[in-house]
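# Provided below are the primary sequence and the corresponding predicted coordinates.
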Amino acid sequence: MSELSVNQDYVTVTIADQLFGIPVLSVQDVLGPQRITHIPKAPPEVAGALNLRGRIVTSIDVRCRLNLPPRPEEDKGMSVVVEHQGEPYSLMIDSVGEVLSLPEDRFDRNPATLDSRWREIAGGIYRLDEELLVVLDVDRLLDFGISQAA
Amino acid sequence: MDDLLSEFLTETNESISVLDSELVNLEQNPDNPELIDNIFRLVHTIKGTCGFLGLPRLEAVAHASENVLGKFRDRELVVTPEAVTLILASFDQIKDILGVLEETEAEPEGDDKDLIEKLNALASGGAAPAASAEAPAVPEETAPAEEAEDAKIPGEVSLDELEAAFAAAKGPEELAAEAGVDEVVAEGEPVADAPAPVEAPVEAAQAAEPAAGGAAKSEGPKSNQTIRVNVELLENLMTMVSELVLSRNQLLQMIRGREDSEFTVPLQRLSHVTTELQEGVMKTRMQPIGNAWAKLPRIVRDLSHELNKKIDLQMNGAETELDRQVLELIKDPLTHMVRNSADHGLEGPQERSAAGKSETGKVVLNAYHEGGHINIEILDDGRGLPVDKIKAKVLEKGLASGADLEEMSDQRILQFIFNPGFSTAEKVTAVSGRGVGMDVVRSNIEKIGGTVDVKSVEGKGTTFTIKIPLTLAIVSALIVECAKERFAIPQLSVVELVRASKDGEHKIERINGTPVLRLRDRLLPLVYLDKVLDLRDGAVMPEPVEGEEAEGVFNEEEAFIVVSQIGSQTFGIVVDQVFDTEEIVVKPVAPILRDTKIFSGNTILGDGTVIMILDPNGISNMHVSSTIGEDLNEADAKRTAYADDLVALLVFHVGNQEPKAVPLSLVARLEEVDVNDIEHSDGQMMVQYRGRLMPLVKFDSSYQLREEGRQPMLVFADGDRSMGLVVDEIVDIVEESLDIELVSKQQSLIGSAVVDGKATEIIDVAYYLTSALGDWFAEEGSASGAEGRKNRILLVDDSPFFRNMLVPLLNVAGYQVTTADTADEALEMREDGEHFDVIISDIEMPGMNGFEFAEAVKNDGRWEETPLVALSSHTTAQDFDRGRQAGFVDYVSKTNRDALLDVLSQTLTVAGGAA
């Protein structure tokens, strides 16, 4: 999120009561609960694969990626589909909120004290009136395969 | 019109238009070598194809301009506008000839002397003629006179008929005959006008297709009948159709429960149309294999002339269809193999009649469908593959030892012909020795998921069998279930299914915990899918308890075994349940999962669920290591770290209960001797082995030999000396990443480690070598330290196992060894002023790795001169290069003991010579 022009649009999502924002242009789809095929031997962050209108989408458990406890059973959850290097990925999150257009002057860099895992995937913080919104850096979020392999 | 010809026309027209613009481009950028290369290549292709199709006029023009372009490329000629104009003129000429060719299917009469002379003058360095080439005259007369178009499948003439025509036309007039056939095909005119005197083939072709020419004429230009479509577009279409099929299936599922729904009828129609659409799209990709064979009769014919052999080529099943992409990929291998059969396989007429065969050799091609794949056989009735020569070559190349060869069946030995650089042809003829070798044939075929096999009887002939999937896009797969999850296994690698139950005909038995199945007359190794994939948490997995009778504990319930074949290796995959086979569209897995070798792709099933496609190849490659993976389950990271250090261990029993193990790389052979053959001499047990005496040692002094029968032993060899270690039983070969956890006080043991889930004692081979051949080693030791000083070696390796294994080995070989766990520790030694003759370093080490270490060594004066040898489990060419760059003088595989010793002595010799 280096080139911040005037306003940036974000789709807000909630994960474990924390508000996150995903740049609206990178969001391709928002999905309800899906049937996910588990992939053995895959990295733990990979929840499995699902069929999105004939495309096979790799599903990422964002909670696992963020070191959060798994979602409670009764909560079905939702997914946001993004594209990374030409491949579709669905990010499993708790719920999707709205689209917000946020002004630059509300933007802050990541606090230095943030947990390193979070700092890795957070592209900065927006100060909203009631709460704070963490910008999800999708590329870095999906980079775990590479950083792990290295 | 002839398929080949129309394909040629489309292609050449395309090339020419590309050439036009490229050449203009070149005129503006005369120094762009890529442009010149590209132009040259295109013209070269045109020339080649013309020659092949027998279009001499086109060929001559293309050839002349190619010459000029060649000079451009070699910078012997400057690109001038005049020269470009001339070449463009030649392209125009080619275009004109092509136009006539398209209308009449024959080259127009006349010649292009003017143009060619100008081009030649230019090429020979003369000043480029200033005048631009005259527009070539297109002759009015269209009837071909002497030019013969190549005889390829004309219209509907079947290959068999054409073959018959060819067969009948044997003899010196063959060329003329060919001309005759062509003419009929091209013109549809009576034979009487044809200049060829031979009647038989002409008639045959004519009978088959009396009105070919007429029909062709009425349909106008043929190249318009096909359009070229981007494969990607077809690929997309295919995906869309698959999606449509899935939606259709879902809809059908939804209304299945209801009767008399208003949707029933429209849905049925939709269903019908969808099915047809799917078939149609599939068909766009399918082509008869005959297309790949089209060139063969000509090739064989030319070969028979060149080699003075009589060859009869038979082709059966040319109409068998397969995916275009697959077809493209097997074209070259097929041509190569047929060429091989004709060239090396078949004997000359004299030799044949001397052997009591008919003078005419036969090469037969068969293609047929079988299950979800296509089989192609290439048979010849020639001399067969010479097993002895192959053996000699194998030995010469060092691909296997003589002892190994002794034990191999002829069948196994024949497989060596697929190794790179393997040719048993005594002489390189004009036809062999260029193009691809059998190793390329095999790798091309394996690339598309196929297999190739060879059978041969000396004196009788050779048969190659290629088995390839029909299409790459759609495969038939077996759906299996394991731990409530479904997986697809490509049908191609499934040989059969066996149901195993506790008291049924087949039951799973265990040898030292390794599951096997008795299947007819052989033992089938088994892999549990749930284990391979870590599907069940360890607790649920019925693992036999240590010490308990394994058999019977395992798998009370029934299981299904998918018998899979990968190359010549057969093994069983144990699953819970087997469902149907389904046609699936293979899609590649996401990049994140590429490292997982177990899956070859994934797909969407008819019910819309995603399913992973297992790769039996990957499973067979890693099942050994995954069975031991359990010990390392604690952390993924740890597992990956260890994966590099896998060592093949030979597990055996001797003396007490504990299993023993020794690195397989140290064992030269496994033998059995009759105890009666064991002799004693000077208190030493001996056995006569391969014409010499080989000392035998017992595991320890208390060990008792068997009273009678045969006693297994491990043979360790060094140079031409060997010794045998007598054991009770050889159990297994296990690939294990091991740590010596307990160091032994007993001299004969290095220590204990967990192997295959059991505490196992690792024996110290050096101890036994010394006890059997002690004196010799002492001599050897002083020999290598020639000046009375032992060469000092620094061994840097993080794995204690390797340190423990290599130190005695190096000591025995006469080196003085110092070890370091890490690169840092080694560098500390440098600070302490230590000095070594050679440094051996591992590559994969925690902290500073081997490459960084090498750079650190080379960047400091003190050890700068010390040669570095890399020791690694990765020994690919890239690793090697990287190692060289970092400063290593050589790169040795960890498990290759002999290579290490060789490299060390070489390195020391070189270093000594330089000093």
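Cool, the structure landed.
# where exactly do the strands run in chain A?
For chain A, the strands defined by DSSP state E cover A:7-15, A:18-23, A:27-31, A:46-52, A:55-61, A:78-84, A:87-93, A:95-103, A:107-108, A:122-127, A:132-136.
# typed the wrong thing, it's the stretch 201-350 of chain B
Remark: strands assigned in the stretch 201-350 of chain B by DSSP state E, counting those that start in this stretch are B:286-288, B:310-316, B:321-323.
# In CSV, list those along with distance to residue B:558 and mean neighbour count.
From N, CA and C alone the C-beta is placed, and that goes for glycine too. Formatted as CSV, the strands of the stretch 201-350 of chain B follow (distance: least, Cβ to Cβ, whole Å; neighbours: other Cβ atoms under 10 Å in any protein chain shown):
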stretch, distance to residue B:558, mean neighbour count
strand B:286-288, 40, 17
strand B:310-316, 43, 19
strand B:321-323, 38, 22
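# how about stretch A:48-55, does it reach chain B?
Yes. For stretch A:48-55 and chain B, the contact criterion (Cβ under 8 Å from any Cβ of the partner chain) is met by A:48, A:49, A:50, A:51, A:53, A:54.
# which outside residues touch that stretch?
Residues from elsewhere that reach stretch A:48-55 (Cβ atoms under 8 Å, 6 or more residues apart in numbering or on different chains): A:29, A:31, A:34-39, A:42, A:56-59, A:79, A:81, A:88, A:90, B:239-240, B:242-243, B:246, B:590, B:602, B:604, B:608-610, B:612.
# try 7 Å this time
Stretch A:48-55 is touched from outside by A:29, A:34-39, A:56-59, A:81, A:88, A:90, B:239, B:242-243, B:246, B:602, B:604, B:608-610, with contacts defined as Cβ atoms under 7 Å, 6 or more residues apart in numbering or on different chains.
# Name the residues of that stretch that come out as buried.
Neighbour-count burial for stretch A:48-55, counted by 16 or more other Cβ atoms under 10 Å in any protein chain shown, picks out A:48, A:49, A:50, A:51, A:52, A:54.
# just to revisit the earlier point, mind checking the strands of the stretch 201-350 of chain B for the one nearest to chain A?
Among the strands of the stretch 201-350 of chain B, the nearest to chain A by Cβ to the nearest Cβ is strand B:321-323 (20.6 Å).
# model confidence over that closest one, on average?
The average pLDDT within strand B:321-323 is 82.
# try stretch B:560-576
When pLDDT is averaged along stretch B:560-576, the result is 83.
# gap between the two ends of it?
Terminal residues of stretch B:560-576 are spaced 6 Å apart (Cα to Cα, to the nearest Å).
# Tell me how far it lies from the chain's centre.
Centre-to-centre, stretch B:560-576 and its host chain are 21 Å apart (Cα atoms, centre = their mean, to the nearest Å).
# One more: stretch B:794-801?
For stretch B:794-801, the distance to the chain centre is 35 Å (Cα atoms, centre = their mean).
# again, but for stretch A:96-104
Chain-centre distance of stretch A:96-104: 14 Å, with Cα atoms, centre = their mean.
# And stretch B:483-493, by the same measure?
The chain centroid and the centroid of stretch B:483-493 are separated by 24 Å, computed with Cα atoms, centre = their mean.
# Likewise for stretch B:244-259?
Worked out by Cα atoms, centre = their mean, stretch B:244-259 lies 43 Å from the chain centre.
# and if you look at stretch B:849-867?
Remark: stretch B:849-867 is offset 38 Å from the chain centroid, using Cα atoms, centre = their mean.
# Stretch B:229-243 too?
28 Å.
# same thing with stretch B:9-18?
Counting by Cα atoms, centre = their mean, stretch B:9-18 is centred 34 Å from the centre of its parent chain.
# Following the least confident helix or strand in chain B by mean pLDDT in sequence, what is the next regular element?
Across the helices and strands of chain B, the lowest-confidence element by mean pLDDT, DSSP states H and E is helix B:636-643, at a mean of 35. Next along the chain after helix B:636-643, taking DSSP states H and E as the criterion, comes strand B:647-653.
# Partner strands of the helix or strand that that next one is followed by, with direction?
Going down the chain from strand B:647-653, the next helix or strand is strand B:660-663, by DSSP H and E. The pairing partners recorded for strand B:660-663 under DSSP bridges are strand B:647-653 (antiparallel), strand B:758-763 (parallel).
# Next, format those as a markdown table and append distance to residue B:678 and mean neighbour count.
Output for the strands paired with strand B:660-663, formatted as a markdown table (distance: least, Cβ to Cβ, whole Å; neighbours: other Cβ under 10 Å):
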| stretch | distance to residue B:678 | mean neighbour count |
| --- | --- | --- |
| strand B:647-653 | 18 | 21 |
| strand B:758-763 | 21 | 20 |
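# Look up how far chain A lies from residue B:5.
According to Cβ to the nearest Cβ, to the nearest Å, residue B:5 stands 40 Å off from chain A.
# For that residue, the count of nearby residues, please.
23 (other Cβ atoms under 10 Å in any protein chain shown).
# Residue B:105 is in contact with that one, correct?
Yes. Counting by Cβ atoms under 7 Å, residue B:5 touches residue B:105, with 6.4 Å between them.
# how about residue B:116, what does it touch?
Counting by Cβ under 7 Å, 6+ apart, residue B:116 touches B:60, B:61, B:64.
# Quick check, pLDDT for the residue lying closest to residue B:243 once chain neighbours are set aside.
Of all residues not flanking residue B:243 in the chain, residue A:54 sits nearest, at 3.3 Å (Cβ to Cβ, 6 or more residues apart in numbering or on different chains). For residue A:54, the pLDDT comes out at 74.
# burial measure for residue B:357, as a count.
20.
# Just read off the phi/psi values of it.
Residue B:357 adopts backbone torsions of phi -100, psi 170, taken as degrees, to the nearest 10.
# cool, and the one 5 residues further on?
Torsion angles at residue B:362 (phi, psi; degrees, to the nearest 10) stand at phi -110, psi 140.
# List the beta-bridge partners for it.
Beta-bridge partners, per DSSP bridges, of residue B:362: residue B:312.
# Identify the residues contacting residue A:78.
Per Cβ under 7 Å, 6+ apart, neighbours of residue A:78: A:30, A:31, A:32, A:93, A:95, A:96.
# with those residues in mind, which one is nearest to residue B:716?
residue A:93 (61.2 Å; Cβ to Cβ).
# So what's the residue count around the nearest residue to the closest one once chain neighbours are set aside?
Closest residue to residue A:93 apart from its sequence neighbours, by Cβ to Cβ, 6+ apart: residue A:13 at 4.4 Å. Neighbour count for residue A:13, taken as other Cβ under 10 Å: 24.
# Let me know the outermost residue of chain B.
Centroid-distance maximum for chain B: residue B:260 at 55.9 Å, with Cα atoms, centre = their mean.
# check contacts around the residue of the stretch 401-550 of chain B found nearest chain A.
In the stretch 401-550 of chain B, the residue that lies nearest chain A is residue B:533 (3.6 Å; Cβ to the nearest Cβ). Residue B:533 is in contact with A:40, A:41, B:598, counting by Cβ under 7 Å, 6+ apart.
# Apply 8 Å and report the result again.
Counting by Cβ under 8 Å, 6+ apart, residue B:533 makes contact with A:40, A:41, B:482, B:598.
# Output the set of residues of chain A in proximity to chain B.
A:35-44, A:46, A:48-51, A:53-54, A:56, A:58, A:85, A:87, A:89, A:142, A:144-145, A:149.
# Using neighbour counts, trim these to the buried set.
Neighbour counting with 16+ other Cβ under 10 Å marks A:36-43, A:46, A:48-51, A:54, A:56, A:58, A:87, A:89, A:142, A:144-145 as buried within the residues of chain A next to chain B.
# mean confidence score for stretch B:614-632?
Stretch B:614-632 shows a mean pLDDT of 55.
# Which positions within stretch A:74-90 qualify as buried?
For stretch A:74-90, a neighbour-count test (16+ other Cβ under 10 Å) marks A:77, A:78, A:79, A:80, A:81, A:82, A:84, A:87, A:88, A:89, A:90 as buried.
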